[in-house]
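1. after the sequence you'll find the predicted model.
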Amino acid sequence: MQRIPLTPRDNWQQKVESVGLTFHTLENGTPYWDESAAYQFTSAEIDTLEAAGYQLQEMCLAAAQHIIDKKRYAELDIPDFAIEAIEWAWNNEPPALYGRFDLSWAGAQSGSAPKLLEYNADTPTSLLEAAVVQWHWLKDMPSSLVSYKPDQFNSIHEKLIAKWKDIDPYLSKPIYFAALDNPDNPEDQLTVTYLRDTAQQAGLDTLQMFLHEIGWNDSQQAFLDPDEHPMFSIFKLYPWEAMLQEEFGPHALATYQSTRWIEPIWKMLLSNKGILPILWQLYPNHELLLEAHFDSPGTMTNYIRKPLMSREGANITLVRDNATVVSTPGPYNGKQIYQALAPPAIFDNRHTVLGLWMIDQDCCGMGVRESFSPITDNLSSFVPHFFK
Amino acid sequence: MKRSTHVTAPLLATTALSLLTACRKPEMQRCVDEQNHVVDDKLCANLPDQQGIQQQRPDGHGGFLPLLIPYHYYYGGWGGYGLGSVVGGGSYAPAAGRSYTTRSGVTTRGGFGSSFSEGGSHSSGGSSGGHGGSSGE
């Protein structure tokens, strides 16, 4: 695993825009999509990462079963009123589509296994960067830059289309795609547009709308689209823990069995940071895990403290030798977990995080984020990768 | 000559006629609190007639105090059905000859998304400087 400086393509901004990535540059002018470098992996390293993704998925599903069997919802701050729907969804397996494991790893030369940082199982983004933009980037790379015919760990697009075909019989049509309407940040809308595109390429009828346009009709006991048609299949790029606290949350639970929500509600067991200490309890000292605990750091002196529901690097505290080194602001509070610091994964002074994409049960792609801060947040750049 | 020789306004005429003959749409009937914020209709269900409702004085001095019920139906005016939104321009009593519709009879919208809107519990409260501020991660 190496970080290789490269010359960006001429007019790279227009090139990434032409394939859908309009948010390629941060407000401060630095690139979010950064092709001034690329990460190079060996084929064996990609095999290691792929195997890690499959193994972590298996462990996370076992952990979800454990939470349900042992009724450990309160430790995850999951409200009692959501349990019935979670257990129904778990037992009846309505369609699930995707998720992203975030791992820390410095490659085979580190002598260490990849370590799970967290599982974004409910509302992962950076999808079109990983599935589409870096694929086109690789296609454009002349052999003079990479000196051989490179490959990329990325069959996300194909797997998404195949998955939609697979779950088609379980979904009423049209399938609605809903995300927040944020004119200053098109990321969510572009993410659902891309997912909708893949569903359409699979031959499914779709419609797209803003999240706030979802309607509820008490008389019909149904969610309605802006044309007052009932909605029975909804992809929502919006976290379940927020939905449950909002006005329509009780309606989503009351009608859960008649509505196919993607992702299903049981995914909130895995997207919760509480899954990390539970995994550690179930698989102590597993090579893919970092030590993690509820309530206190125990004997750890170097660790991260993060709230159960935090997102995008908010409200994270990094402690080294029992002293706070970095603390990020944010709106999240409540219960926190403590997770050991991962072995360093630093390239050219940048902290690197590997995002492994799961399309349902298939580990089929990777995106690389990097930042000068040890905490990956919404300022971290996306850097393309290839392997030989 | 100060008068037009020919005046024709067919659209105006058609619109005026439709206003005169059209059925009046039902207006909104919402349950509100003392600050005219919309609350769940359940809070207004089975309310007693509030005129003349009294309770015995709790201070032992005898006599009665008016019973204050913090919720009322609000008829017509502006604003929507969204819980927590403010209404105005209507009245606490229905107008004769008008019809009204409660939340249960209509489709309400905006029930998802508030946590990540400005001021929501997940909003950053300012510019992140990045591409974030989304509900994805």
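-> Yes, it's here. Keep in mind that this is a model prediction, so the values were computed, not measured.

2. could you pull up the contacting residues of A:S104?
-> For A:S104, the contacting residues are A:114-115, A:117, A:342-343, A:345, A:352-354, by Cβ atoms under 8 Å, 6 or more residues apart in numbering or on different chains. In short, each C-beta sits where N, CA and C put it, glycine included.

3. ignore the last one, A:T259
-> When contacts are counted by Cβ under 8 Å, 6+ apart, A:T259 is found next to A:223, A:231-234, A:252.

4. just send those back as a markdown table, with distance to A:F386, pLDDT and secondary structure too.
-> Output for the contacts of A:T259, formatted as a markdown table (distance: Cβ to Cβ, whole Å; pLDDT from 0 to 100; DSSP: H, G, I helix; E, B strand; the rest coil):
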| residue | distance to A:F386 | pLDDT | secondary structure |
| --- | --- | --- | --- |
| A:F223 | 43 | 96 | strand |
| A:M231 | 41 | 97 | coil |
| A:F232 | 42 | 96 | coil |
| A:S233 | 36 | 98 | strand |
| A:I234 | 36 | 98 | strand |
| A:A252 | 42 | 98 | helix |
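
5. nearest to chain B: which residue in the stretch 151-300 of chain A?
-> Taking Cβ to the nearest Cβ as the measure, the stretch 151-300 of chain A has A:F248 as its residue closest to chain B, at 3.2 Å.

6. just to revisit the earlier point, most neighbours among the contacts of A:T259, which one is it?
-> For the contacts of A:T259, counting by other Cβ atoms under 10 Å in any protein chain shown, the largest number of neighbours falls to A:F223: 26 neighbours.

7. helix, strand or coil: sort out B:Y73 for me.
-> Secondary structure of B:Y73, reduced to three states by DSSP: H, G, I helix; E, B strand; the rest coil: strand.

8. pLDDT weak spots in chain B?
-> Applying pLDDT under 70 to chain B flags residues B:1-25, B:48-67, B:118-133.

9. picking up where we left off before, which among the contacts of A:S104 count as buried?
-> A:114-115, A:117, A:342, A:345, A:352-354 (16 or more other Cβ atoms under 10 Å in any protein chain shown).

10. my guess is A:L180 meets B:S115, correct?
-> No. With contacts defined as Cβ atoms under 8 Å, A:L180 does not count as touching B:S115, sitting 9.9 Å away.

11. which one's more surrounded, those two?
-> Neighbours of A:L180 and B:S115, each counted by other Cβ under 10 Å, are more numerous for A:L180; the result is 24 against 20.

12. ok, that one - contacts?
-> When contacts are counted by Cβ under 8 Å, 6+ apart, A:L180 touches A:188-189, A:210-212, A:237-238, B:113, B:116-117, B:134-135.

13. phi and psi next, for it.
-> Main-chain dihedrals, A:L180, degrees, to the nearest 10: phi -60, psi 150.

14. just the pLDDT for it.
-> The predicted structure scores A:L180 at 94 on the pLDDT scale.

15. name the residues of the stretch 101-250 of chain A found near chain B, please.
-> If contact is defined as Cβ under 8 Å from any Cβ of the partner chain, the residues of the stretch 101-250 of chain A in contact with chain B are A:120, A:123-125, A:178-182, A:184-185, A:187-188, A:191, A:210-219, A:224, A:228, A:236-239, A:242-243, A:245-248.

16. show me what the biggest strand by length in chain B packs onto, helices and strands only.
-> Longest strand in chain B by number of residues, with DSSP state E as the criterion: strand B:27-32. Packed against strand B:27-32, as judged by 3 or more Cβ pairs under 8 Å, 6 or more residues apart in numbering or on different chains; DSSP states H and E, are the following elements: strand B:72-75, strand B:100-101.

17. ok, residues contacting the shortest one?
-> Judged by Cβ under 8 Å, 6+ apart, the contacts made with strand B:100-101 from elsewhere in the structure are B:26-29, B:75-76, B:94.

18. need the CA coordinates for the longest strand of chain B. CSV is fine.
-> Extracted C-alpha coordinates of strand B:27-32, given in CSV (Å, rounded to 0.1, in the frame of the first residue of the first chain):
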residue,chain,number,x,y,z
GLU,B,27,-60.7,25.4,5.6
MET,B,28,-58.2,24.1,8.1
GLN,B,29,-59.2,23.1,11.6
ARG,B,30,-56.2,22.6,13.9
CYS,B,31,-55.7,22.0,17.5
VAL,B,32,-53.5,24.7,19.0
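
19. quick one on the thing from earlier: as a markdown table, the buried ones among the contacts of A:S104 with distance to A:V132, secondary structure and pLDDT would be great.
-> Written out in a markdown table, the entries for the buried ones among the contacts of A:S104 read as follows (distance: Cβ to Cβ, whole Å; DSSP: H, G, I helix; E, B strand; the rest coil; pLDDT from 0 to 100):
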| residue | distance to A:V132 | secondary structure | pLDDT |
| --- | --- | --- | --- |
| A:P114 | 24 | coil | 98 |
| A:K115 | 28 | strand | 98 |
| A:L117 | 24 | strand | 97 |
| A:A342 | 29 | coil | 97 |
| A:A345 | 25 | coil | 97 |
| A:T352 | 21 | strand | 98 |
| A:V353 | 20 | strand | 97 |
| A:L354 | 18 | strand | 98 |
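
20. tell me the one of the residues you listed nearest A:R260?
-> Comparing the buried ones among the contacts of A:S104 against A:R260 with Cβ to Cβ picks out A:L117 as the nearest, at 30.1 Å.

21. ranges for the helices of chain A?
-> A:12-18, A:43-70, A:83-92, A:127-128, A:134-140, A:143-146, A:156-167, A:187-201, A:240-245, A:249-254, A:268-271, A:275-282 (DSSP state H).

22. of all the ones you listed, which one is nearest B:G105?
-> Taking Cβ to Cβ as the criterion, helix A:249-254 is the member of the helices of chain A that comes nearest to B:G105, at 15.6 Å.

23. show me where chain B has its strands.
-> Defined through DSSP E, the strands belonging to chain B, from first to last, are B:27-32, B:54-56, B:64-66, B:72-75, B:100-101, B:107-109.

24. which of these is buried the deepest?
-> With neighbours taken as mean count of other Cβ atoms under 10 Å in any protein chain shown, these reach their highest mean count in strand B:27-32, at a mean of 22.

25. for the residue of the stretch 151-300 of chain A closest to chain B, give me its contacts.
-> A:214, A:216, A:223, B:111-112.

26. narrow those to just the buried residues.
-> Those of those that meet the buried threshold are A:214, A:216, A:223, B:111-112, by 16+ other Cβ under 10 Å.

27. go through these and name the one nearest A:P374.
-> Sorting the buried ones among the contacts of A:F248 by distance to A:P374 puts B:F112 at the head of the list, at 34.0 Å, by Cβ to Cβ.

28. against A:W216, how distant is that closest one?
-> The spacing between B:F112 and A:W216, counted by Cβ to Cβ, to the nearest Å, is 9 Å.

29. point me to the residue of the stretch 251-388 of chain A nearest chain B.
-> Chain B sits closest to A:N378 of the stretch 251-388 of chain A, with a gap of 2.5 Å, by Cβ to the nearest Cβ.

30. what pLDDT does that residue get?
-> According to the predicted model, the pLDDT of A:N378 comes to 77.

31. picking that back up, out of the buried ones among the contacts of A:S104, which is nearest to A:K267?
-> Checking the buried ones among the contacts of A:S104 against A:K267 with Cβ to Cβ, the nearest one is A:L117 at 17.5 Å.
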